[in-house]
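Chemist: No letters, just coordinates:
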């Protein structure tokens, strides 16, 4: 046990950490999904290691409260929800494995929705609940129920758990960092020599995917420029190299060139529960054009981007930005009429 | 003994089933069936597993015969039989019966919550200013709309009249009592109004292995029009309505009779109203390609997710 003085020092720093992260999110200073995911996971790891908690319900309560704050700060970053859920899942999994060891394998008397088995092993003297969704092992249906179940358990010695959880969160962060590499490893199977590939906007995942493929075969890449931010120009600059011929086209030309394209490769900001994408503006147009020409559309997105949300409204995920790049303030009629 | 409907203890499972339905009109057929089967297991005096495993399936067939092979009731019976098969591993008849009674009673008690969970998952899809098209009367749909009203959402509902029993009128009455603006639409007019509709909701008698839907006649038509107009078509079903059928056409359903719409000779003074009621089907099958999503108590799933759940339950 570290000294009390050290504990209070770390505990005081924690609110500062959270506040600075929240304000970074609010101001949109964190660029790139992977950055947000890794920073969120690191923050949650700091909370686990530094905040004073004695039992699991307190810890999960803390994590959930911080998660809610982060989501409110930047509701468009759907992956915050995923990362928080994953960390909660880690906590609960470790909790169940430690609990089974502690109780020496005595059967858990809990009945009800999830059928009771802690690690999922069905013990002979339990009655599995009836009906679909209560499959033989008695595993809980979804993450939400797993989290809810944890609230019913008796307090467990937190000491054993802390180091285990922190270790697992570290593993998760390493997993996040290697996402793009692992996706790029698939590149050779999907991209063949001399293929013409269309992409849109700026995506680090797609860039690495294409570069990995280009390390073995020659490919031609057409990048839609994605006005008014012109992310496509940056992507083209990043991609250009040996074995990759890059062409930048205007967004309006996408349908016209689609007949020459072999494959479309897109990045995504988030993947929704019905399989839909939240992606760079212009992706929908490209996908519709590809559908018309029966061209394959491949999406490269890390698992942390897969969100359980449904797109209830068509425009809920739209991000609106300043029109300054299209129509400069100086040229607008309004400017003369405004006194500041 | 086969044909003896009282199983030697004077208990008539069909009678009990009808009594349960009469007592509580909001209970659904499969839940009432399981409740009757639980009562049967309580009453029977089988001393061996073999006897028990003859009595229960016999009772199930009686129920199916009495309700003309009702699909949802068959689904409920199958769940009960599968549970019995699971519990019969290495146990005596006494222990198995006791476990079965407990599982069955918990199921019946939990079944009411199933509808609530469906409503919970589905009500998020109803937004302000939506126009919803509902087919016929379905308690699950009413539950969902009631929940949406409680969430202070403002929406309008078209309800299909749903001939020949005109059950859509009952739905319209209930919606009016809730304060939801509604209109009753002729079954033939769904194409006419489909453009104005934001989403279509349908209940379910049963959900088949392919993810297709068995529901009141008219659902298939509605789904085709919705697909043509590119409107989402959502089906609401509790998980105990998942049934192990795989119909390849409309005429593959167990409720199909060869005398339905069979051009039998008609008299010169034929009463066409009566003939219509007698020769028309009451259920139809909607293939999974026409269904956008299924709202179930296990969550919101695509039609292809249904077979996963069935496999997990029946073949684990």
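Modeler: Received, thanks. What you see is a predicted model, and the numbers here were worked out from it, not measured in a lab.
Chemist: So, low pLDDT: which residues of the chain?
Modeler: Defaulting to chain A. Counting by pLDDT under 70, chain A shows low-confidence ranges at A:1-12, A:99-129, A:133-159, A:335.
Chemist: Chain B was what I was after
Modeler: Looking at chain B by pLDDT under 70, you get B:1-9, B:316.
Chemist: For the most centrally placed residue in it, give me its contacts.
Modeler: Closest to where the C-alpha atoms of chain B average out (Cα atoms, centre = their mean) is residue B:205, at 2.4 Å. Residue B:205 makes contacts with B:70, B:71, B:72, B:214, B:215, B:216, B:241, B:283, as judged by Cβ atoms under 8 Å, 6 or more residues apart in numbering or on different chains. In short, each C-beta sits where N, CA and C put it, glycine included.
Chemist: Most neighbours among these, which one?
Modeler: Counting neighbours by other Cβ atoms under 10 Å in any protein chain shown, residue B:241 leads these with 29 neighbours.
Chemist: contacting residues for that one?
Modeler: By Cβ under 8 Å, 6+ apart, the contact set of residue B:241 is B:30, B:72, B:75, B:204, B:205, B:206, B:207.
Chemist: residues from chain B in reach of chain A?
Modeler: B:79-80, B:83, B:86-87, B:99, B:102-104, B:106-107, B:110, B:124-125, B:127, B:239-240, B:242, B:293, B:297-300, B:302, B:309-310, B:312-313, B:316 (Cβ under 8 Å from any Cβ of the partner chain).
Chemist: Buried ones only from those residues, please, as a PyMOL command.
Modeler: A single PyMOL command suffices to select whichever of the residues of chain B next to chain A are buried according to 16 or more other Cβ atoms under 10 Å in any protein chain shown:
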select buried, chain B and resi 79+80+83+86+87+99+102+103+104+106+107+110+124+125+239+240+242+293+297+298+299+300+302+309+310+312+313
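Chemist: Please flag which of the residues of chain B next to chain A sit within helices.
Modeler: Taking DSSP state H, the ones among the residues of chain B next to chain A that sit in helices are B:79-80, B:83, B:86-87, B:99, B:102-104, B:106-107, B:110, B:309-310, B:312-313.
Chemist: Roughly how far does residue B:24 sit from residue B:110?
Modeler: As defined by Cβ to Cβ, to the nearest Å, residue B:24 lies at a distance of 15 Å from residue B:110.
Chemist: on that earlier part again, just curious, which of the contacts of residue B:241 is nearest to residue A:215?
Modeler: Nearest to residue A:215 out of the contacts of residue B:241 is residue B:207 (Cβ to Cβ; 48.4 Å).
Chemist: hang on, the earlier thing: now, the contacts of residue B:205 that are in strands?
Modeler: Of those, the ones assigned to strands by DSSP state E are B:214, B:215, B:216, B:283.
Chemist: ok, which pair from the ones in helices among the residues of chain B next to chain A is furthest apart?
Modeler: B:102 and B:310 (24.0 Å).
Chemist: residue boundaries of the helices in chain A?
Modeler: Taking DSSP H as the criterion, chain A carries its helices at A:4-26, A:33-50, A:56-73, A:79-102, A:143-150, A:158-177, A:179-184, A:187-190, A:204-214, A:231-239, A:254-257, A:283-292, A:334-337.
Chemist: Residue B:36 contacts residue B:12, doesn't it?
Modeler: No: using Cβ atoms under 8 Å, residue B:36 makes no contact with residue B:12, being 9.4 Å away.
Chemist: So for these two, which residue has more residues nearby?
Modeler: Shown here are residue B:36 and residue B:12; by other Cβ under 10 Å, residue B:36 has more neighbours (29 against 17).
Chemist: The more buried one: what's it in contact with?
Modeler: In this structure, residue B:36 makes contact with B:13, B:14, B:16, B:17, B:20, B:59, B:63, judged by Cβ under 8 Å, 6+ apart.
Chemist: Any idea which of the helices of chain A gets closest to chain B?
Modeler: Nearest of the helices of chain A to chain B, taken as Cβ to the nearest Cβ: helix A:143-150 at 9.4 Å.
Chemist: Good, wrapping up.
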